[in-house]
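In: Kindly return the folded structure for what I paste below:
(one chain, ligands or ions: 1)
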Amino acid sequence: MALKITVIGTGYLGATHAAAMAELGFEVLGLDVVPEKIEMLKRGEVPMYEPGLEELLRKHVAGIEGSSGRLRFTMDWAEVGEFGDVHFVCVNTPQKHGEYACDMSYVDAAFESLAPHLHGPALVVGKSTVPVGSADRLAARLVELAPAGEDAELAWNPEFLREGFAVNDTLHPDRIVVGVRSERAEKLLREVYATPVTAGSPFVLTDFPTAELVKTSANSFLATKISFINAMAEVCEAADGDVVKLAEAIGHDERIGKKFLRAGIGFGGGCLPKDIRAFMARAGELGADQALTFLREIDSINMRQRGQMVELAREALGGGSFLGKRVAVLGAAFKPDSDDVRDSPALNVAGQIHLQGGQVTVYDPKGMANARRLFPTLAYADSAIEAVRGADVVLHLTEWREFRELDPAVLGEAVTTRLVLDGRNALDPEVWRRAGWTYRAMGRPTA
Ligand code: UDX
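Out: All right, here's what the predicted structure looks like:
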């Protein structure tokens, strides 16, 4: 009989994982503690913008016409405990308030709520990003709390999905990493992931601490790559070099690779910033803090980019104050194809200029509602052209395709001054300059 799967926590990770498991043919029950989320999901609606996710959900959510009916949602822990052979824990692990460390309260609460309902053999699989050592602790807690005792087992299976590509990354992962302690756990997870493994996804079997560390080290490496190229942008800026050419040239070396070398206002979002900080905090607890002191520098290079963008804008406007200056900001999401504004470099820059007296108007294709909630005092426009109307400077801060396809000639008619600052090195300087714009980007020659 096909395995029955539950997914606990239905945010980006959980909602996508639940839909993907149903797509792979399993019966799936998703749980969340937020009633509004569950109500939306039951109707086949997704609480965030993620390309392809709503379609996939609607294909499987029970009660939707023409669906497979394999995916259901509940708020009832007993039902989840009763239903599942394999339980995936997908709740979030934000940064603790006022500390670098990771807040484990949602993970802990999920285990405390689920375990008492495990009466028979069950595999609980952690997917949340956690400090190394958590799995060991949670495995013991599970045995302690579950009526099934030793039959309630833990595995750790980190998730590497990117927002904006969540569906594809989940259905066709570039690797599946599982930390297990028994053959039974390995066998169950091989069964869960049989389809992607057959299609070629590597299956990496490991112990608990390594599985946990794979996730945090992968994110640290990615953060390091971005901050590296941003550091090179700073040097290019000082030496009149061109960081985009530099990235292209070093990227031809296969050992370096072209990806994640886009210089600009840096990384944000719900993962990279908090994950590198939690990793530093955990290394400190383990007495290995020296090994990760470089991440402090990665973090500060990254945060510095935001300030430098503000300074570039100030300089471009003639130096001095932003008072009375009209600043158009294109982009609010932390990256394109997402409505996520958590720790968004774009909104951070917009906010800084606003707080210094600039009249900032923001437009983002999908992130408007979330941006408004986070920064209600900024002005918002319904389109790029409305945002730039009358602007003294245009800041391109999230590299949506929509912005690359803008016609600089048309935009030029709407602004006061044809001055564009590209915080993502994604616009074509030649095209903009030909249309009479002054184009500036960090780490690139002025003309
Ligand atoms: C990241 C990891 O990629 C993913 O594997 C993990 O599971 C979660 O964290 P995500 O947060 O969705 O995913 O975004 P990602 O695509 O990694 O981008 C992170 C940030 O880096 C964005 O703000 C993006 O704009 C920025 N970035 C990315 C750059 O500034 N330059 C680059 O070259 C690439």
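In: how about the strands of this protein, start to end?
Out: Assigned by DSSP state E, the chain shows strands spanning 4-8, 27-31, 71-74, 86-89, 122-126, 152-156, 176-179, 203-206, 326-330, 359-363, 379-380, 393-396, 419-422, 438-441.
In: mean confidence for stretch 395-407?
Out: Computed over stretch 395-407, the mean pLDDT rounds to 98.
In: Same check on stretch 228-236?
Out: Throughout stretch 228-236, pLDDT has a mean value of 97.
In: Could you pull up the residues touching the residue of the stretch 301-447 of the chain at minimum distance from the ligand?
Out: Here the stretch 301-447 of the chain gets closest to the ligand at one residue, Lys335, 3.9 Å apart by Cβ to the nearest ligand atom. The C-beta positions use only the backbone N, C-alpha and C, and glycine is treated the same way. Neighbour list for Lys335: 163-164, 268-269, 398-399 [criterion: Cβ atoms under 8 Å, 6 or more residues apart in numbering].
In: What of Thr377?
Out: By Cβ under 8 Å, 6+ apart, the residues touching Thr377 are His354.
In: okay, the strands of the chain in a markdown table with mean neighbour count and distance to the ligand next?
Out: Formatted as a markdown table, those follow (neighbours: other Cβ atoms under 10 Å; distance: least, Cβ to the nearest ligand atom, whole Å):
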| stretch | mean neighbour count | distance to the ligand |
| --- | --- | --- |
| strand 4-8 | 26 | 16 |
| strand 27-31 | 26 | 20 |
| strand 71-74 | 22 | 22 |
| strand 86-89 | 26 | 15 |
| strand 122-126 | 25 | 14 |
| strand 152-156 | 26 | 15 |
| strand 176-179 | 22 | 12 |
| strand 203-206 | 15 | 15 |
| strand 326-330 | 28 | 14 |
| strand 359-363 | 24 | 16 |
| strand 379-380 | 18 | 20 |
| strand 393-396 | 28 | 12 |
| strand 419-422 | 24 | 13 |
| strand 438-441 | 21 | 13 |
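In: quick one: the residue lying closest to Val124 once chain neighbours are set aside and Asp174, what's the gap?
Out: What sits nearest to Val124 in space, not counting adjacent residues and going by Cβ to Cβ, 6 or more residues apart in numbering, is His87, at 4.8 Å. Here His87 is placed at a distance of 25 Å from Asp174 (Cβ to Cβ, to the nearest Å).
In: got it, and Ser68?
Out: 26 Å.
In: more crowded one of these two?
Out: Remark: of Ser68 and Asp174, Ser68 carries more neighbours, 14 against 10, as counted by other Cβ atoms under 10 Å.
In: Spatially nearest residue to the more buried one, not counting backbone neighbours?
Out: His60 (4.8 Å).
In: Please look at that neighbour and Leu71 and confirm they touch.
Out: Yes: between His60 and Leu71 there is a contact under Cβ atoms under 8 Å: 4.0 Å.
In: Get me the contact residues on the stretch 301-447 of the chain for the ligand.
Out: Residues of the stretch 301-447 of the chain lying near the ligand by Cβ under 6 Å from any ligand atom: 334-335.
In: neighbours around the residue of the stretch 1-150 of the chain found nearest the ligand, how many?
Out: In the stretch 1-150 of the chain, the residue found nearest to the ligand is Thr129; the distance is 7.7 Å by Cβ to the nearest ligand atom. Thr129 is flanked by 24 other residues according to other Cβ under 10 Å.
In: if I look at it, how far off is Val107?
Out: According to Cβ to Cβ, Thr129 and Val107 sit 10 Å apart.
In: Could you please give me the overlap between the contact lists of the two?
Out: Residues touching both Thr129 and Val107 by Cβ under 8 Å, 6+ apart: Thr93.
In: With the flanking residues excluded, which residue is spatially nearest to Leu154?
Out: Computed as Cβ to Cβ, 6+ apart, the closest residue to Leu154 that is not its neighbour in sequence is Ala139, at 4.0 Å.
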